[in-house]
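Enquirer: for reference, the sequence and a predicted model appear below.
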Amino acid sequence: VQLVESGGGLVQAGGSLRLSCAASERTFSTYAMGWFRQAPGKDREFVAAISWAGGSTLYTDSLKGRFTISRDNAKNTVYLQMNSLKPEDTAVYSCASSRRTNGLRYRSTYDLWGPGTQVTVSS
């Protein structure tokens, strides 16, 4: 199983990006999915997570309202829509999958990680 992110890039402050994470396995629909980010010199932090069916979502409080996680199980893909981007959102964004249904804010919950995609927000 592989996870591959795409959609990162350079954007001006106030702009939007939509990240995608494609999974190579048909059992994708049985996994919860999460997005994390890591800025230079900082620890990897939780961004958002979504349950296997998409009916439940979690966000880190500081990003709620600007970021939206969603998934399309028919396409084995999870998305992260990011609006009103700020320079402090600059980071490598990674998706991850988990067979668990709880603890989705924690890195240790996830079994598989993608390589990440760089998001740079200029001021």
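Expert: Done, it's in. Keep in mind that this is a model prediction, so the values were computed, not measured. Residues are numbered from 1 along each chain as shown.

Enquirer: quick one: contacts for the most centrally placed residue in the chain?
Expert: Note on the chain: the residue nearest the mean C-alpha position is W35, at 2.4 Å, using Cα atoms, centre = their mean. Residues near W35 by Cβ atoms under 8 Å, 6 or more residues apart in numbering: L19, C21, V47, A48, A49, I69, V78, L80, Y93, S94, C95, A96. (Each C-beta comes from the backbone N, C-alpha and C, glycine too.)

Enquirer: tell me the one of those nearest P40?
Expert: Y93 (13.3 Å; Cβ to Cβ).

Enquirer: which residues does that closest one contact?
Expert: E5, G8, L19, W35, F36, R37, V47, L80, G116, T117, Q118, V119.

Enquirer: what about 10 Å?
Expert: 5, 7-8, 17, 19, 21, 35-38, 47, 80, 82, 114, 116-119 (Cβ atoms under 10 Å, 6 or more residues apart in numbering).

Enquirer: show me those residues that map onto strands.
Expert: Members of the contacts of Y93 lying in strands (criterion: DSSP state E): 5, 17, 19, 21, 35-38, 47, 80, 82, 117-119.

Enquirer: just the buried residues from the residues you listed, in PyMOL please.
Expert: In PyMOL, a selection of the buried entries from these looks like this (16 or more other Cβ atoms under 10 Å):
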select buried, resi 5+17+19+21+35+36+37+47+80+82+117+119
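
Enquirer: dump the ones in strands among the contacts of Y93 into a markdown table; add distance to S56 and pLDDT as well.
Expert: Formatted as a markdown table, the ones in strands among the contacts of Y93 follow (distance: Cβ to Cβ, whole Å; pLDDT from 0 to 100):
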| residue | distance to S56 | pLDDT |
| --- | --- | --- |
| E5 | 22 | 97 |
| L17 | 24 | 98 |
| L19 | 20 | 98 |
| C21 | 18 | 97 |
| W35 | 15 | 98 |
| F36 | 18 | 98 |
| R37 | 21 | 98 |
| Q38 | 25 | 98 |
| V47 | 16 | 98 |
| L80 | 16 | 98 |
| M82 | 20 | 98 |
| T117 | 25 | 98 |
| Q118 | 29 | 98 |
| V119 | 25 | 98 |
